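A.B. asks: one predicted model, sequence on top.
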Amino acid sequence: MVYIKKLSEHVDEKVTLKGWVYNYRSSKNLYFIELRDGSGICQCVVARDEVPDEAWQGAESLRQESSLEITGTVVEDERSIGGYELQVTDLNVIQVAEDYPITPKEHGVEFLMENRHLWLRSQRQWAAMRVRNEIIFAIHTFFQNEGFIQMDAPIFTGNAAEGTTTLFETEYFEEQAYLTQSGQLYGEAMAMAHGLIYTFGPTFRAEKSKTRRHLTEFWMIEPEMAFYDLNMNMDLAERFVKVIIGRVLENCENELNILERDTENLKKAVEHDFPVISYTDAVENLKSDETAQMLDDMMESRKQEKEDLAKEKEELEAEHGQAKKWRKAQIDQRIKDIAARVDQIEEDLRNIPEWKKSAREFEWGADFGGSDETILTMQYDVPILVHRYPAEIKAFYMKRDPEDDKLALAVDMLAPEGYGEIIGGSQREDDLDVLLERIHEHDLPENIFDWYLDLRKYGTVPHSGFGLGLERTVAWLCGLHHVRETIPFPRMMGRLRP
RNA sequence: UCCUCGGUAGCUCAGCGGCAGAGCAAUCGGCUGUUAACCGAUGGGUCGUAGGUUCGAAUCCUACCCGGGGAGCCA
């Protein structure tokens, strides 16, 4: 048995492929079967004169997603997807699939999500999962090469600590338990045992967020490093992300092609330093005249684009009447695209004045909202690192800046192109008394943290770490609109099936 | 929880007070190189649910259910 991915090694040989019908076309004496086998897609040409009668009848019975074994000679052919095709000599139908719900045409999100178990077979979803796999492999390779030990934090936890986030509650024998929202505190304990560690596991947040960046169950990678300060932490995060992008560019060319991902900015991210900006400078940036001007310019260019699209739509509608059928379909599609884009523009036109106002009136000490993040990141093509946030808006375990007690030694990495925060991290408070004080300030129960406080009692050291959101990273590298397409079976508000 | 957009054939949508429509999919037929193939024919409906206004409601009003996008929160 040969896999489609390896067809180039079998030119002019007779091989047998096993797979599913992705799509098919036919004429009287010729059948074209697009076969997918999980490794790729190959067009198989069945000519009536070249195969036994049973094989021809088998071909005629095929429907989308029918399973089959197919034998033939591999030939190079430019007309075929992938550059190779199979001149079929025999085929054996395993099962004829009736009424496969997902056709090669367009579908809505709701329908596709209901059929996620089948949607995974579609090209774009296939490509996204391959990129996800490459990213996961790159993450392990990077840390293993750097001498990190992969260790697992528990998923059940007894403490709902860390403050504001809503957690999933569950029962652990007769005790109240929660699903973990982060493995970090445990990561710190493990780093004190092994020096450099990373966790790789699922995390759960019960927030009722319905946005393209949120899931209730997502995967997070959290390295924790003994004897690392904030600068070392930021350097590691940048090198780490660069390696991931580099590996994806190197090994997923075909997948990125299928996803129609423009790789220009990804290449820049590998080659250029990520801008490092303090929170305070970022606030200045938001309030600046230049930013206000940038938003005004953006407003103008959106208005212009809207006019251009309206004109294009008029021209298309005029052409529609006497157009041929295939051209009509093309026009309809383009008009649909235009309508979607115009909706987006109108939303922008409503939002931009508010963004401008919120940026202009931003007060030092507040946390950045979605629009503020957008304004900051749209000024760059590569991720930016924002550091030293006001301590008040950050978690209790983050160390204060020795040069300014109001600041926490925290860092966020914000991805470009609207993908938002992909990394959040900090240097941790390593002084027992200060940490106790913070716990009291945040009104957290001390007894829950007794084991965590032990880490400061017995050989405390400066240490740092960060968490990378896997799905947001996949979404960004794939250029996907929504994180629900970055994980096989996304869990989000109102979606527990399939 | 709030704001906003939507729910019409298996799918994607049009229709927005007066006979329920199109494309794709399905079924049948045609076509020797197609590639979201093409051409012809056929079948296919609880217009999200409940109530109201009206001579008449998919269309207007009210409530509810479900979904998309966003705010808050965050990776």
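C.D. replies: Done, it's in.
A.B. asks: can you pull the buried residues of the strand ranked longest in chain A?
C.D. replies: Of all segments of type strand in chain A, defined using DSSP state E, the longest is strand A:14-27. The neighbour-count criterion (16 or more other Cβ atoms under 10 Å) identifies A:15, A:17, A:18, A:19, A:20, A:21, A:22, A:24 as the buried residues of strand A:14-27. Just so you know, the C-beta spots here come from the backbone N, C-alpha and C atoms, and that holds for glycine as well.
A.B. asks: give me the angle between the following helix or strand past that strand and strand A:14-27.
C.D. replies: Scanning forward in sequence from strand A:14-27, with DSSP states H and E defining helices and strands, the next element found is strand A:30-36. Interaxial angle, strand A:30-36 versus strand A:14-27 (axes from the mean of the first three to the mean of the last three Cα atoms, to 10 degrees): 120 degrees.
A.B. asks: what about strand A:30-36, average pLDDT?
C.D. replies: For strand A:30-36, the per-residue pLDDT values average out at 89.
A.B. asks: can you list the strands that the following helix or strand past it pairs with?
C.D. replies: On the C-terminal side of strand A:30-36, the closest following helix or strand by DSSP H and E is strand A:41-47. Strands that pair with strand A:41-47, judged by DSSP bridges, come out as strand A:30-36 (antiparallel), strand A:84-95 (parallel).
A.B. asks: what residues does strand A:41-47 touch?
C.D. replies: Taking contacts as Cβ atoms under 8 Å, 6 or more residues apart in numbering, the residues outside strand A:41-47 that touch it are A:4, A:7, A:17, A:22, A:29-35, A:55-56, A:59, A:70, A:72, A:80-82, A:84-88, A:91, A:123.
A.B. asks: if we go to 6 Å?
C.D. replies: Surrounding strand A:41-47, the residues in contact under the criterion Cβ atoms under 6 Å, 6 or more residues apart in numbering are A:4, A:22, A:30-35, A:59, A:70, A:80-82, A:85-88.
A.B. asks: how about the longest strand of chain A, does it reach RNA strand B?
C.D. replies: Yes - in terms of Cβ under 7 Å from any atom of the strand, part of strand A:14-27 sits within range of RNA strand B, namely A:23, A:25, A:26, A:27.
A.B. asks: how about that strand as PDB, C-alpha atoms only?
C.D. replies: As requested, C-alpha coordinates have been extracted for strand A:14-27 and formatted as PDB (Å, rounded to 0.1, in the frame of the first residue of the first chain):
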ATOM      1  CA  LYS A  14       1.800   0.200 -10.500                       C
ATOM      2  CA  VAL A  15       0.500   0.900  -7.000                       C
ATOM      3  CA  THR A  16      -2.600   0.500  -4.900                       C
ATOM      4  CA  LEU A  17      -4.100   3.400  -3.000                       C
ATOM      5  CA  LYS A  18      -6.700   3.200  -0.300                       C
ATOM      6  CA  GLY A  19      -8.900   6.100   0.700                       C
ATOM      7  CA  TRP A  20     -12.100   8.100   0.200                       C
ATOM      8  CA  VAL A  21     -13.700   9.900  -2.700                       C
ATOM      9  CA  TYR A  22     -13.100  13.600  -2.200                       C
ATOM     10  CA  ASN A  23     -14.900  14.600  -5.400                       C
ATOM     11  CA  TYR A  24     -15.600  13.100  -8.800                       C
ATOM     12  CA  ARG A  25     -16.500  14.100 -12.300                       C
ATOM     13  CA  SER A  26     -17.500  12.000 -15.200                       C
ATOM     14  CA  SER A  27     -18.300  11.700 -18.900                       C
END
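A.B. asks: tell me what that strand is packed against?
C.D. replies: The contact analysis (3 or more Cβ pairs under 6 Å, 6 or more residues apart in numbering; DSSP states H and E) places strand A:14-27 against strand A:30-36, strand A:67-76.
A.B. asks: packing partners for the last one?
C.D. replies: Using 3+ Cβ pairs under 6 Å, 6+ apart as the contact definition, the elements that strand A:67-76 packs against are strand A:14-27, strand A:84-95.
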